[in-house]
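Peer 1: sharing a sequence plus its predicted fold:
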Amino acid sequence: MQMRIVVTLGKVEVVAPPKAAEHKIHQFVQAKQQWIVQTLAKIEANSLHHKKLAPAVYVHGAEVPYQGASYKLAVQPSKLKRIKIEFSQGFIAHVPDALIIKDHSAEIKEALIRWMKKESKSQVERVVKQHAERKQLFPQTIKIKTQKSRWGSCGIHNDININWLLIIAPPEVMEYVVVHELCHIKIRNHSAHFWALVAEHLPDYKSRRHWLKKHGSSLMMGL
């Protein structure tokens, strides 16, 4: 495992081996200081051109992003003890009576995130089922994660991790990321052979990849 630096909006993270000496880490960061400053500035500049897709508050009538579109949120009082989310042409938040008279935006947001993570898992599993058998690209496990700087990963034991925020993107974009990680089971690099394998599954993968590059910053802002 080599040391690396992950730069996101307003945050610098150093990833190092557990036994790495502290002075070595400081030297590594010092050597990369100019790159870090430039990258932070670039990310901050880009963020100004990207609009957050999620609403400022989760109240009745708010527009909630999902699968490349926006859907109205309806808030309904409920006898349930916990907020329940349903989706049918739009989102319905069944809010307990005790919460309905209070500011319940944060609780609805948390409930929507739980719902979307669960939905992400089922959709990722469906894509895996659709593509894995063709080239024997079977993952050991499938996990849905909250990640600040990447859309997916494939571990050395063929464990697939997918960022749940992809549920906000059009379905074909999530499919591209899942197929991308599945192909890493067979080819661990980004060589021409790798992209040829991706193209066998998704001939139009370049347009999907382009969408993610163009709108990824907005997706990463989350709900």
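Peer 2: Received it, and whenever you're ready, just let me know what you need.
Peer 1: what's stretch 61-69 in contact with?
Peer 2: Applying Cβ atoms under 8 Å, 6 or more residues apart in numbering, the contact partners of stretch 61-69 are 53-55, 58, 70-74, 87, 91, 112, 116, 167-171, 173, 223. For every residue, glycine as well, the C-beta is placed using N, CA and C.
Peer 1: kindly recompute the last result at 6 Å.
Peer 2: Residues outside stretch 61-69 that contact it (Cβ atoms under 6 Å, 6 or more residues apart in numbering): 53, 55, 70, 71, 73, 91, 168, 169, 170, 171.
Peer 1: got it, and stretch 187-201?
Peer 2: Stretch 187-201 has contacts (Cβ under 6 Å, 6+ apart) with 131, 179, 183, 205.
Peer 1: at 7 Å instead, please
Peer 2: Stretch 187-201 is contacted by residues 131, 135, 179, 180, 183, 186, 205 when judged by Cβ atoms under 7 Å, 6 or more residues apart in numbering.
Peer 1: buried members of these into PyMOL, please.
Peer 2: To isolate the buried ones among the contacts of stretch 187-201 in PyMOL, judged by 16 or more other Cβ atoms under 10 Å, type:
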select buried, resi 131+179+180+183+205
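Peer 1: just after the helix or strand of the chain with the lowest mean pLDDT, pick out the following helix or strand.
Peer 2: Taking mean pLDDT, DSSP states H and E as the measure, the chain has helix 33-47 as its least confident helix or strand, at a mean of 77. Next in sequence after helix 33-47, counting helices and strands by DSSP states H and E, comes strand 63-66.
Peer 1: mean confidence (pLDDT) on that following strand, please.
Peer 2: Model confidence over strand 63-66, given as mean pLDDT, is 96.
Peer 1: tell me the strands beside it, with direction?
Peer 2: strand 69-78 (antiparallel) (DSSP bridges).
Peer 1: return the set of buried residues in the strand it pairs with.
Peer 2: Applying 16+ other Cβ under 10 Å to strand 69-78 flags 71, 73, 75, 78 as buried.
Peer 1: now do stretch 125-136
Peer 2: For stretch 125-136, a neighbour-count test (16+ other Cβ under 10 Å) marks 127, 128, 131, 132 as buried.
Peer 1: and if you look at stretch 172-191?
Peer 2: 173-185.
Peer 1: please apply the same query to stretch 209-223.
Peer 2: Under 16+ other Cβ under 10 Å, the buried positions of stretch 209-223 are 209, 211, 212, 215, 216, 217, 218, 219, 220, 222, 223.
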